[in-house]
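> The following block contains a protein sequence and its predicted model.
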Amino acid sequence: MHGPQPQGPFGPPGAPAPPPQNEAGRLVARIQGKVKAAVLGVMFGVPLTAGGLHFGLTEKPTGFLAALIGAALLAAGVLGFARIRVLRSRLRALLPEAQRSPVAHLPSARRAATLAGYLNGLLVLLGFGGTGWLLFMGASWGAYGNSFGFGALTMGAVLPFGLGLAAARTIPDLLRVVPAGARIGQAMYGVFLTVATPMVVKSDGLLPKLVGGGIALVSLGAIALLGRCFRQMGGQARGRQTAGPQPQPGPRPGVGTPPPAGPPGAPQPYGAPAGAPAPYG
């Protein structure tokens with residue numbers, strides 16, 4: 001006699017496992033929920049921490065209270081991103097595009113992965129370079145002499161720094177010929193393109209327009225090249241089907257086609273429908 005078996009969340013023992021798509025959908029929903037909280041924690045924690053410390057050191061000690069609140073928010077945001085990283089590792093194991101390409105042994109796939117790695121390395125330089133440029137220009141903007149300006153400056157500098165870190169994490173995957181690294185690079189170049197467009201449209205001087213136009217052209221070219229690399233690495237667009245004629249299923253034996261007639265009185269073959277004539281002996 002066997003005691004009662006524990007039942008899992010998906011049904012009794014022996015029931016089929018849930019499809020990977022369902023598990024991936026649940027992981028995506030959890031990641032989206034945690035990303036919102038983590039981003040809010042970082043966006044509010046960084047300026048409160050930096051501005052509070054600046055205000056506490058230059059104006060009044062009450063600024064340290066704001067810095068303490070900001071540090072708690074920042075810690076919660078960083079912890080949220082750490083949990084998101086764990087969930088993303090589980091999600092990558094379920095998605096074929098996040099795994100090593102089946103054509104990784106081909107020279108063309110490896111060349112495409114190398115090119116995508118260089119393009120994402122350029123993203124790292126853009127992210128870290130943008131951070132340094134903002135911190136350098138903050139002196140001419142007067143941000144270092146104002147607690148609120150200093151908090152806004154640090155929040156603005158964190159954004160390209162985070163993009164640079166995210167791009168750096170994709171390079172080891174691209175060295176393993178993982179197509180998802182090219183997709184992530186496309187998304188981050190899209191962020192730089194979004195930032196460069198207002199520089200071209202709304203800037204007053206010629207230099208900001210030239211810088212924004214250069215960033216926009218580089219981003220557009222990189223997005224196109226990364227898409228090509230993604231296809232050469234074996235990545236497939238979602239919902240895409242292979243071209244060519246598909247085989248049509250033919251009629252099964254004994255279904256819809258009566259067996260050949262035989263002499264009267266002959267025994268019926270096993271499985272023949274009742275009343276059907278027997279085959280020839």
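Received it, and whenever you're ready, just let me know what you need. Numbers count the residues shown, from 1 in each chain.
> Y144 against F150, yeah?
Yes - the criterion here is C-beta atoms under 8 Å, and Y144 meets it with F150 at 5.9 Å. In short, each C-beta sits where N, CA and C put it, glycine included.
> and for those two, which residues touch both?
G138 (C-beta atoms under 8 Å, 6 or more residues apart in numbering).
> more crowded one of those two?
Ranked by neighbour count (other C-beta atoms under 10 Å), Y144 and F150 place F150 first, with 21 against 14.
> just the helices in the stretch 51-200 of the chain please.
Here the stretch 51-200 of the chain has its helices, by DSSP state H, counting those that start in this stretch, at 63-92, 107-141, 147-175, 180-202.
> what about the longest one, average pLDDT?
Averaged across helix 107-141, pLDDT comes to 91.
> From the chain's centre, how far out is that helix? Work that out for me.
Chain-centre distance of helix 107-141: 18 Å, with C-alpha atoms, centre = their mean, to the nearest Å.
> and the closest residue to L115 other than its chain neighbours, what is it in contact with?
Nearest non-adjacent residue to L115, counting by C-beta to C-beta, 6 or more residues apart in numbering: C229, 5.5 Å away. By C-beta under 8 Å, 6+ apart, the residues touching C229 are 112-113, 115-116, 119, 182.
> How about P179?
Contact partners of P179, counting by C-beta under 8 Å, 6+ apart, are 97, 101, 230, 233-235.
> still on that earlier bit, make TSV from the helices of the stretch 51-200 of the chain and add distance to K36 to it.
As requested, the helices of the stretch 51-200 of the chain are exported to TSV (distance: least, C-beta to C-beta, whole Å):
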stretch	distance to K36
helix 63-92	9
helix 107-141	22
helix 147-175	15
helix 180-202	17
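> which residue is nearest the middle of this protein?
In the chain, the residue lying closest to the centroid (C-alpha atoms, centre = their mean) is I184, at 5.8 Å.
> give me the number of residues near the nearest residue to that one once chain neighbours are set aside?
Once flanking residues are discounted, I184 sits nearest to T170: 5.1 Å by C-beta to C-beta, 6+ apart. As a burial measure, T170 scores 23 neighbours (other C-beta under 10 Å).
> so T170 touches G181, yeah?
Yes - T170 is within contact range of G181, at 4.0 Å (criterion: C-beta under 8 Å).
> what do the two both touch?
Applying C-beta under 8 Å, 6+ apart, one finds that T170 and G181 are jointly contacted by N120.
> Identify the residues contacting the closest residue to W141 other than its chain neighbours.
Nearest in space to W141, with sequence neighbours left out and distances taken as C-beta to C-beta, 6+ apart, is G149 at 7.0 Å. By C-beta under 8 Å, 6+ apart, the contact set of G149 is 138, 141-143.
> quick one: which of those residues is nearest to R85?
Closest approach to R85 among the contacts of G149 (C-beta to C-beta): G138, at 30.3 Å.
> residue contacts, that closest one?
By C-beta under 8 Å, 6+ apart, G138 lies in contact with 144, 149-150, 153.
> Next: Q99.
By C-beta under 8 Å, 6+ apart, the contact list for Q99 reads 92-93, 178.
> out of those residues, which is most surrounded?
With neighbours taken as other C-beta under 10 Å, the top of those is V178, carrying 25 neighbours.
> Over to that residue: give its phi and psi.
For V178, the backbone dihedrals (degrees, to the nearest 10) come out as phi -100, psi 110.
> same check, this time on V211
Per-residue torsions, V211: phi -60, psi -50 (degrees, to the nearest 10).
> pretty sure it contacts G205?
No - V211 is beyond contact range of G205, at 9.7 Å (criterion: C-beta under 8 Å).
> Run a quick neighbour tally on the residue nearest to L53 when sequence neighbours are not counted.
Leaving aside its chain neighbours, L53 sits nearest to A67 (4.7 Å; criterion: C-beta to C-beta, 6+ apart). By the criterion of other C-beta under 10 Å, A67 has 22 neighbours.
> Would you check that A67 makes contact with G56?
Yes - the pair A67 / G56 is scored as a contact, 6.2 Å apart, by C-beta under 8 Å.
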